[in-house]
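Engineer: Next one to model:
(2 chains)
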Amino acid sequence: RKEVEQDPGPFNVPEGATVAFNCTYSNSASQSFFWYRQDCRKEPKLLMSVYSSGNEDGRFTAQLNRASQYISLLIRDSKLSDSATYLCVVNVGNTPLVFGKGTRLSVIA
Amino acid sequence: EAGVTQSPTHLIKTRGQQATLRCSPISGHTSVYWYQQALGLGLQFLLWYDEGEERNRGNFPPRFSGRQFPNYSSELNVNALELEDSALYLCASSLSIWGSTNTGELFFGEGSRLTVL
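Structural biologist: Numbering: from 1, shown residues only, chains lettered A, B, ... in the order given. Here you go, the predicted model:
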């Protein structure tokens, strides 16, 4: 089983739509969780950390379910500029971050 | 403040040759990570250096090696290049993972695109 699994997509959604991405991780000892965003042919950048209680940053909401080893990202009111690949990232203690392959989102006008 | 810088931006080599990629971390960051991103694949962890020492190594053959210099910059060497080594090589830096101020955020450079013919 892969350490971090994501649906590769692509998710093609119209502007203004709400879209949700899911991610599962295999290591129950995982401690920190993140969503990174990677634009086409660019480097990944941190979008948001994911906290146990769930957290929101503007139109973006991240949730963590430790029991199911599941992380989600919800994007409300999608913008054209949200088109990118969203990477689910997991950290197990003092080890390098483990990246999922990413979910590609395309927001269409 | 300067971000993570990598060189060269693009590199073309032939099978069997050797490639050297370079990375300068953000000032104050002591941890440097190397990831490989091949077409259609996710980021695969290669190497992690912190305070001049190799802390962890991914599931790659020994022909992938590197080092970190006293100024915390780093070099990735790939010997005996194979066609499947063609990829984007991303370097990232962070505060030392051993420090309480480390948030787990990695700051990536724009990458070095290696093409092996």
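Engineer: out of everything not next to it in sequence, what's closest to the residue positioned nearest the centre of chain B?
Structural biologist: Among the residues of chain B, the one closest to the centroid is B:Trp34, at 2.7 Å (CA atoms, centre = their mean). Spatial nearest neighbour of B:Trp34, chain neighbours left out: B:Leu46 (4.1 Å); criterion: CB to CB, 6 or more residues apart in numbering or on different chains. The way it works is simple: take the backbone N, C-alpha and C, and place the C-beta from them, glycine included.
Engineer: neighbouring strands for the host helix or strand of the one you found, and are they parallel or not?
Structural biologist: If you go by DSSP states H and E, B:Leu46 is part of strand B:43-50. For strand B:43-50, the paired strands and their directions (DSSP bridges) are strand B:31-37 (antiparallel), strand B:53-57 (antiparallel).
Engineer: my guess is B:Glu84 is in a helix, correct?
Structural biologist: Yes: counting by DSSP: H, G, I helix; E, B strand; the rest coil, one finds B:Glu84 located in a helix.
Engineer: wait, isn't B:Arg57 in contact with B:Trp34?
Structural biologist: No: B:Arg57 is not in contact with B:Trp34 according to CB atoms under 8 Å; the separation is 9.9 Å.
Engineer: any common contacting residues for these two?
Structural biologist: B:46-48 (CB atoms under 8 Å, 6 or more residues apart in numbering or on different chains).
Engineer: quick one: which of the residues you listed is most hemmed in?
Structural biologist: Among these, the one with the most neighbours (other CB atoms under 10 Å in any protein chain shown) is B:Trp48, at 26 neighbours.
Engineer: My understanding was that that one contacts B:Thr30; is that so?
Structural biologist: No: using CB under 8 Å, B:Trp48 is not in contact with B:Thr30, being 11.3 Å away.
Engineer: Please enumerate the strands of chain B.
Structural biologist: Counting by DSSP state E, chain B has strands at residues B:5-7, B:10-13, B:19-24, B:31-37, B:43-50, B:53-57, B:64-68, B:74-78, B:87-94, B:107-108, B:112-116.
Engineer: so can I have JSON lines of these showing mean pLDDT and distance to A:Thr18?
Structural biologist: Output for these, formatted as JSON lines (pLDDT from 0 to 100; distance: least, CB to CB, whole Å):
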{"stretch": "strand B:5-7", "mean pLDDT": "97", "distance to A:Thr18": "36"}
{"stretch": "strand B:10-13", "mean pLDDT": "97", "distance to A:Thr18": "39"}
{"stretch": "strand B:19-24", "mean pLDDT": "98", "distance to A:Thr18": "38"}
{"stretch": "strand B:31-37", "mean pLDDT": "95", "distance to A:Thr18": "29"}
{"stretch": "strand B:43-50", "mean pLDDT": "94", "distance to A:Thr18": "27"}
{"stretch": "strand B:53-57", "mean pLDDT": "92", "distance to A:Thr18": "38"}
{"stretch": "strand B:64-68", "mean pLDDT": "97", "distance to A:Thr18": "42"}
{"stretch": "strand B:74-78", "mean pLDDT": "98", "distance to A:Thr18": "41"}
{"stretch": "strand B:87-94", "mean pLDDT": "95", "distance to A:Thr18": "31"}
{"stretch": "strand B:107-108", "mean pLDDT": "94", "distance to A:Thr18": "28"}
{"stretch": "strand B:112-116", "mean pLDDT": "97", "distance to A:Thr18": "35"}
